[in-house]
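# need a structure here:
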Amino acid sequence: MARTFRVLVSVVVIGALGYGAYETRDRWLGNVERMLGIHNAAAPGEQAQGQRRGGQGQGQGQGGGRRRGGLSQFAGPIPVLAADAKSSDVPVYIDGVGSVKALNTVTVRAQVNGKVVEIDFEEGQDIKKGDVIARIDDAVYKAQLDQAVGKKAQDEALLAGAKRDLERFQRMVQTASGTQQQVDTQLSLVAQYQAATQSDQAAIESAQATLDYTTIKAPIDGRTGIRNVDVGNLVSSSDTTGIVTLSQIKPISVLFSIPQQQLARVNAASANGTLAVQAISSDGKTVIDNGSLAVVDNQVDPTTGTVKLKANFPNDKLALWPGAFVNARLLVETLKGVTVIPTAAVQRGPNGTFVYVIGQDETVAMKPVTVRQQDDVQAVIADGIVPGDKIVTTGFARLQDGSKVAISNGDSTAAPNATTPAADGQPVAANDTQPGNEAQPGNGGQQASDGQRPHRQHGGQGGGNGNWHGGNGGHHRQGNDANATAGNANVDNSNTGSTTGGNDSASSNSNNAPAQQQ
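Residues are numbered from 1 along each chain as shown. Presented below is the predicted three-dimensional model:
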């Protein structure tokens, strides 16, 4: 008996504590709402008690009426945004990802061995073809040139003497003073000296070329990089690093790849003339430079199923830099006079793509369409609509074939079903308006949007129909009492919000005072 008594006492104490905590919660919420200035929050504790006492009867007697009232809020035209179908010329692009490459790249190396005595460029300098880059000590190579010149002079002197002897022997043969053998031998000696002279000339030219190699000049127009050798260092023709790398970046090239399925289309377009190419920045919108297609690779990469293309750009503003990744957009065709609509207007269903066309009587008709191509902004329609048709672009939540609509002026508050981007990049859905309790721009009593949390509203009359409105995926609550029946809930759904109703009830006059945003 004693144990049973202790158990009963414990249950009673726990129940009393729970009831007291619940009462304290309602009173505390009432004080908080009065501090925040929420309307009709004078006596939430008493209102909650009255609602608990009459909750069951009101839920049974008025639940059906409230549900009918909740449905009545959808009566009337559905607010939408619309746009006209237009006829326009639409360019057709093939996009690819590639990298920037210098039109010409040269690693400047020494062709002779020696010590660097002079550097005649600044790092990052634009130089022209033939400008001096560096000089190597040329003392040894000058001596070799002088030696070749002297050897040629020696052989030329011997050649001149041999020619004089040949003339003398020829006169002696004519007077029978000499023999023909002497003439023939002298002819051979003259030819020998002539060959030696030619060999000496070649040695002079070789020595001169070697001497010229001591002055290192730019082979192309371009920009110098970071130099690898300083004055005083020994260099040789076997060095792989070179003195500096010279890159031609005006003009410049872009190598990019496209799927092999597009190759036939590109070749067909190239047969009609040079194709234009745009270099696009990483945001996918900004055009860095405009150029032309230079060459299509002669084979497809079997590992990736892509083919490489090369385009040249003038790069006057130096916006393209060797080694950088870039998006390339190849123009292969321009569609003339096609029908275009915003991409957001195209809807997809079990039977394919369709759009809602607004008629003269402001009712919508669902029409199937064939989309030829589309991007993030506009869609090209092959058939189904004609230019001039008014197409619904936003507000599809409650649309169906034959629905009555009201075209908004583009303000998100005037078009409840229109979704607009919030500050955090997520779509924001406006709330539906109710008959007799419409949400006007600036009336914070009906909406809490732009990432704000929804606010509880307490009605001044127990058992009424309080409304909760939350934007941007917020939760909708109704009423005050967690113990009220589901018949007391008046649910207001927005495009993206979720609703938790059926447990609370609030005043039906919630539109008489604006709600405050946290």
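
# first-to-last residue distance for stretch 225-244?
6 Å (C-alpha to C-alpha, to the nearest Å).

# report the buried residues of it.
225, 227-229, 235, 239, 242-244 (16 or more other C-beta atoms under 10 Å). C-beta here means a position set from N, CA and C on the backbone, and glycine is covered the same way.

# list of residues touching it?
107-119, 121, 123-124, 133-134, 136, 216, 224, 245-247 (C-beta atoms under 8 Å, 6 or more residues apart in numbering).

# restricted to strands, list the residues you listed.
107-108, 114-119, 133-134, 136, 216, 224, 245-247 (DSSP state E).

# from these, which two are the most distant?
115 and 247 (26.9 Å; C-beta to C-beta).

# just the helices in the protein please.
Counting by DSSP state H, the chain has these helices, from start to end: 2-36, 44-72, 139-174, 180-213, 263-270.

# in JSON lines, list those along with distance to residue 353.
Compiled in JSON lines, the helices of the chain are given as follows (distance: least, C-beta to C-beta, whole Å):
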{"stretch": "helix 2-36", "distance to residue 353": "48"}
{"stretch": "helix 44-72", "distance to residue 353": "31"}
{"stretch": "helix 139-174", "distance to residue 353": "78"}
{"stretch": "helix 180-213", "distance to residue 353": "70"}
{"stretch": "helix 263-270", "distance to residue 353": "23"}
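
# pick out the shakiest of these, pLDDT-wise.
Among the helices of the chain, helix 44-72 carries the lowest mean pLDDT, a mean of 43.

# who has more neighbours, residue 115 and residue 247?
Using other C-beta atoms under 10 Å as the criterion, residue 115 and residue 247 rank with residue 247 on top: 19 against 13.

# dig out what the more buried one forms beta bridges with.
residue 105, residue 223 (DSSP bridges).

# where along the stretch 201-350 of the chain do the strands fall?
For the stretch 201-350 of the chain, strands defined by DSSP state E, counting those that start in this stretch occupy the ranges 215-217, 222-224, 234-235, 244-259, 276-280, 287-301, 306-313, 325-342, 347-349.

# save those as a markdown table, and put in mean pLDDT too.
Below are those laid out as a markdown table (pLDDT from 0 to 100):
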| stretch | mean pLDDT |
| --- | --- |
| strand 215-217 | 95 |
| strand 222-224 | 95 |
| strand 234-235 | 94 |
| strand 244-259 | 95 |
| strand 276-280 | 95 |
| strand 287-301 | 95 |
| strand 306-313 | 96 |
| strand 325-342 | 93 |
| strand 347-349 | 92 |
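
# how about TSV for those strands, with distance to residue 356 added?
Converted to TSV, the strands of the stretch 201-350 of the chain look like this (distance: least, C-beta to C-beta, whole Å):
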stretch	distance to residue 356
strand 215-217	71
strand 222-224	57
strand 234-235	76
strand 244-259	34
strand 276-280	33
strand 287-301	34
strand 306-313	40
strand 325-342	11
strand 347-349	7
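
# for the ones you listed, which one sits closest to residue 26?
That would be strand 347-349 among the strands of the stretch 201-350 of the chain, by C-beta to C-beta, at 46.3 Å.

# tell me what that closest one is packed against?
Here strand 347-349 touches strand 352-358, going by 3 or more C-beta pairs under 8 Å, 6 or more residues apart in numbering; DSSP states H and E.

# pairing partners for the strand it packs on, with directions?
strand 347-349 (antiparallel), strand 364-368 (antiparallel), strand 390-394 (antiparallel).

# just say which of those is most tucked in.
For the strands paired with strand 352-358, the largest average neighbour count (mean count of other C-beta atoms under 10 Å) is found in strand 390-394, namely a mean of 22.

# what lies in contact with that strand?
80-85, 341-342, 344-345, 355-358, 364, 385, 399, 405, 407, 415, 417-419.

# what is the mean pLDDT for it?
94.

# tilt between that strand and strand 325-342?
130 degrees (axes from the mean of the first three to the mean of the last three C-alpha atoms, to 10 degrees).

# one step back: turn the helices of the chain into a markdown table, columns for distance to residue 312 and mean neighbour count.
Output for those, formatted as a markdown table (distance: least, C-beta to C-beta, whole Å; neighbours: other C-beta atoms under 10 Å):
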| stretch | distance to residue 312 | mean neighbour count |
| --- | --- | --- |
| helix 2-36 | 66 | 12 |
| helix 44-72 | 66 | 16 |
| helix 139-174 | 40 | 15 |
| helix 180-213 | 32 | 15 |
| helix 263-270 | 14 | 14 |
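
# among those, which is nearest residue 350?
Nearest to residue 350, of the helices of the chain and by C-beta to C-beta, is helix 44-72 at 27.1 Å.

# quick check: which of the strands of the stretch 201-350 of the chain is nearest to residue 267?
Closest approach to residue 267 among the strands of the stretch 201-350 of the chain is made by strand 287-301 (7.0 Å; C-beta to C-beta).

# who does that closest one pair up with?
strand 276-280 (antiparallel), strand 306-313 (antiparallel).

# what are the buried residues along that strand?
288-289, 291, 293-294.

# ditto for stretch 97-110
In stretch 97-110, the ones that count as buried by 16+ other C-beta under 10 Å are 98, 100-104, 106, 108-110.

# mind putting the residues you listed into JSON lines with pLDDT and distance to residue 192?
Shown next, in JSON lines, are the buried residues of stretch 97-110 (pLDDT from 0 to 100; distance: C-beta to C-beta, whole Å):
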{"residue": "98", "pLDDT": "93", "distance to residue 192": "64"}
{"residue": "100", "pLDDT": "96", "distance to residue 192": "61"}
{"residue": "101", "pLDDT": "95", "distance to residue 192": "56"}
{"residue": "102", "pLDDT": "95", "distance to residue 192": "54"}
{"residue": "103", "pLDDT": "93", "distance to residue 192": "53"}
{"residue": "104", "pLDDT": "94", "distance to residue 192": "48"}
{"residue": "106", "pLDDT": "95", "distance to residue 192": "45"}
{"residue": "108", "pLDDT": "95", "distance to residue 192": "44"}
{"residue": "109", "pLDDT": "94", "distance to residue 192": "40"}
{"residue": "110", "pLDDT": "94", "distance to residue 192": "38"}
